[in-house]
Structures are given as structure tokens and as C-alpha cells.
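J.: Need a 3D model of the sequence below.
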Amino acid sequence: MKKWINGLLLGMLFLTFLAGCSSKVSEDDLKENDWSIEPEEEDVPNMIASFSDHVMSLKVDVDSMESTANDEWEQIGEDFAKEIASEMDFKFEYTLDGDQITLQDTENEDESNDFEVSKEDDDIIFKPTDESDEDVETITLQPYENEEE
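T.: Predicted structure coming up:
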């Protein structure tokens with residue numbers, strides 16, 4: 001009986017160790033960096049996500065936009081478009097509950113998405129919980145490295 005109890009305690013200790021090493025994502029993990037999001041579509045620019053207490057901000061990463069200008073007038077137009085894009089800022093309220101995060105559009109209360117959140121190396125992955133919604137894709141957050149620094 002004593003061996004059985006010792007085995008049970010050892011097993012519980014092992015499970016506690018595994019739970020401590022799990023890839024749970026905390027609010028501190030989200031707030032630790034600015035995050036780069038590279039969309040699957042080619043013509044869509046990268047986004048930069050940053051987190052504060054319960055608010056996720058998204059903005060266009062204008063540095064990731066490649067120029068296709070053939071002359072100086074097209075370059076002026078691209079520079080103007082980049083300037084406008086750099087002013088765009090989208091806000092989402094987020095709720096992190098265990099391995100689930102809910103993103104609520106601050107301008108449209110009817111618009112929210114639930115994701116299973118996990119950590120892979122330095123990246124954070126948001127995987128949609130509703131796989132029937134084809135408009136919502138898996139989002140990979142990679143630590144943002146500003147090339148100008």
C-alpha cells in the first residue's frame with residue numbers, strides 16, 4: 001500500500017511539473033512584445049499588434065510594404081498611401097481565459113472572434129475555435145523586430 005501511495009504522489013508531482021512547463025499564454029506574454037502578423041495573402045501588408053490591459057491594437061506595418069513605383073509620380077502616390085496607412089489603428093478588446101482568447105471589435109460590438117491560444121517557441125498562435133467560419137484564419141504573432149532600430 002505504501003508503494004502505491006508513493007507512486008501516486010510521484011505521478012502527481014510529475015503532472016504538476018508538466019503543467020508548469022505547459023505552453024499557456026498569459027497577458028504578460030502578450031504585452032511583452034510588439035508582434036508582427038504576416039497575412040497569408042500576398043498583396044496584404046503585414047500588421048503590427050500590441051497589447052495592453054485588455055486592448056489589442058493593430059496597425060499597418062508600412063515598412064513591410066514594397067514599392068512598385070515606376071516613376072516619381074507613382075512614388076509620391078505610394079508615399080501618400082503609406083502615410084494614410086500609418087495613421088490607421090484598429091482596436092479590439094480581448095479577454096484571455098485559460099487557453100482561449102476572445103477578440104471584440106471596439107467599434108462593432110456584434111463582431112467578435114474566439115481563438116484557441118498557444119505558444120510555439122517565441123511565437124503565439126491564435127487558432128479559430130469556430131472552424132466553420134472560413135473568413136477567420138489562424139493568426140501567428142511573431143516578435144516584431146523594427147528594421148530601423
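J.: Surely Phe51 touches Val25?
T.: No. Here Phe51 does not reach Val25: they are 10.6 Å apart, not a contact under C-beta atoms under 8 Å. C-betas here are computed from N, CA, C, even on glycine.
J.: More neighbours: which of these two?
T.: Shown here are Phe51 and Val25; by other C-beta atoms under 10 Å, Phe51 has more neighbours (22 against 19).
J.: What strand or helix carries Ser86?
T.: helix 72-87 (DSSP states H and E).
J.: where's Thr95 relative to Asp34, distance?
T.: Going from Thr95 to Asp34 by C-beta to C-beta, to the nearest Å gives 21 Å.
J.: What is the burial count for Glu131?
T.: For Glu131, the count of nearby residues is 8 (other C-beta under 10 Å).
J.: right, I mislabeled it, should have said Asp34
T.: Residues lying near Asp34 (other C-beta under 10 Å) number 17.
J.: list the contacts for the nearest residue to it once chain neighbours are set aside?
T.: Nearest residue to Asp34 in three dimensions, chain neighbours excluded: Tyr144, at 4.1 Å (C-beta to C-beta, 6 or more residues apart in numbering). Contact analysis of Tyr144 by C-beta atoms under 8 Å, 6 or more residues apart in numbering lists 33-36, 48, 61.
J.: between those residues, which is closest to Glu120?
T.: Trp35 (13.3 Å; C-beta to C-beta).
J.: Give the bridge partners for that closest one, please.
T.: Ala49, Pro143 (DSSP bridges).
J.: ok, it to Phe126 distance?
T.: 10 Å.
J.: Just give the nearest non-adjacent residue to Pro45, would you?
T.: Per C-beta to C-beta, 6+ apart, closest to Pro45 is Met65, 4.9 Å.
J.: how near is that neighbour to Leu141?
T.: Distance, Met65 to Leu141, using C-beta to C-beta: 19 Å.
J.: got it, and Glu107?
T.: Distance from Glu107 to Leu141, by C-beta to C-beta: 22 Å.
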